[in-house]
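Q: Test case, fold it:
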Amino acid sequence: MNFQKTMDTAIHGFFKLLELLVVVCMVAMVIMVFGNVVLRYAFNSGISVSDEMSRYFFIWLTYIGAMLAMHEGGHLGVDTLIKHLPVLGKKVCLFLSEALMLFCNVLFFMGTFEMHELQVTNVSPVVGISMIWIYGIGYVVSVVMGMINLNVLYRLVTGQISEAELVQVIETEGLADVEKQMQGSKA
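A: Residues are numbered from 1 along each chain as shown. Okay, here's the model as predicted:
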């Protein structure tokens with residue numbers, strides 16, 4: 001089997017798993033918060049872990065959503081200037097943008113690593129789990145987003161990025177056109 005096809009399938013499966021995790025986190029949050037509200041008002045009781053766990057699910061939901069948005073090119077941006085630059089200017093701006101994001105991801109990884117020992121020994125007050133299970137998502141996010149940055153930089157340096165991909169901001173109206181274009185380039 002073709003290596004590139006295998007890698008594309010693995011990457012697609014990974015991001016589908018992340019989409020599933022977003023749904024699981026959201027459903028768990030809704031059930032815990034709504035259930036706790038009903039229990040408090042109807043039965044004058046509650047589940048003590050639901051507040052803490054819903055907060056932890058929200059942290060993971062936020063970071064997983066950020067990875068998905070970066071993969072799909074859905075982060076906000078301003079393209080007013082970049083659209084009017086020549087191709088070389090667009091390439092320079094894309095390079096600088098991706099390099100700065102990669103630098104931020106390296107800093108995020110290093111920060112998570114620096115805090116690792118503290119978070120391992122820090123235990124959540126109600127649930128009683130090590131906080132590295134909550135804040136360790138920094139490892140995953142920084143590595144995944146860093147790999148996306150490296151992929152874009154590699155494609156840029158080797159000339160594999162089309163002129164349409166040089167402007168990373170996608171307007172909602174043009175999203176369907178870009179998706180068709182990207183599907184055509186993968187085939």
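
Q: Just the buried residues of stretch 112-125, please?
A: Within stretch 112-125, the residues that count as buried by 16 or more other CB atoms under 10 Å are T112, M115, Q119, S124. Every residue, glycine included, has its C-beta placed from N, CA and C.

Q: Tabulate these in JSON lines, adding columns for distance to S45 and pLDDT.
A: Below are these laid out as JSON lines (distance: CB to CB, whole Å; pLDDT from 0 to 100):
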{"residue": "T112", "distance to S45": "37", "pLDDT": "94"}
{"residue": "M115", "distance to S45": "36", "pLDDT": "93"}
{"residue": "Q119", "distance to S45": "32", "pLDDT": "91"}
{"residue": "S124", "distance to S45": "21", "pLDDT": "90"}
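
Q: ok, those residues vs A28, which is closest?
A: When the buried residues of stretch 112-125 are compared for distance to A28 (CB to CB), S124 wins out at 16.0 Å.

Q: quick one: that closest one from E117, how far?
A: Distance of S124 to E117, computed by CB to CB, to the nearest Å: 17 Å.

Q: sorry, back to before: ok, the buried residues of stretch 112-125 vs C93, which is closest?
A: Nearest to C93 out of the buried residues of stretch 112-125 is T112 (CB to CB; 28.7 Å).

Q: how about the closest one, what does it touch?
A: Going by CB atoms under 8 Å, 6 or more residues apart in numbering, T112 touches Y135, G136, G138, Y139, S142.

Q: so which of those residues comes closest to G13?
A: Nearest to G13 among the contacts of T112: Y139, at 20.1 Å, using CB to CB.

Q: For the closest one, which non-adjacent residue is spatially closest?
A: The shortest distance from Y139 to any non-neighbouring residue, by CB to CB, 6 or more residues apart in numbering, is to T112 (5.5 Å).

Q: Can you tell me the SS state at that neighbour?
A: Secondary structure for T112, judged by DSSP: H, G, I helix; E, B strand; the rest coil, is helix.

Q: can you tell me how far it sits from S142?
A: To S142, T112 is 7 Å away according to CB to CB.

Q: where does this structure have low pLDDT?
A: For the chain, applying pLDDT under 70 flags the ranges 1, 169-187.

Q: Can you report phi and psi for the residue most central in space within it?
A: Among the residues of the chain, the one closest to the centroid is M67, at 1.1 Å (CA atoms, centre = their mean). Main-chain torsions, M67, degrees, to the nearest 10: phi -60, psi -40.

Q: and it, what is it in contact with?
A: Residues in contact with M67 (CB under 8 Å, 6+ apart) are F15, L18, V140, V141, V144, M145.

Q: what's the single longest helix in this structure?
A: What stands out as the longest helix in the chain, according to DSSP state H, is helix 3-43.

Q: Show me what that one is packed up against.
A: Other elements packing on helix 3-43 under the criterion 3 or more CB pairs under 8 Å, 6 or more residues apart in numbering; DSSP states H and E are helix 48-72.
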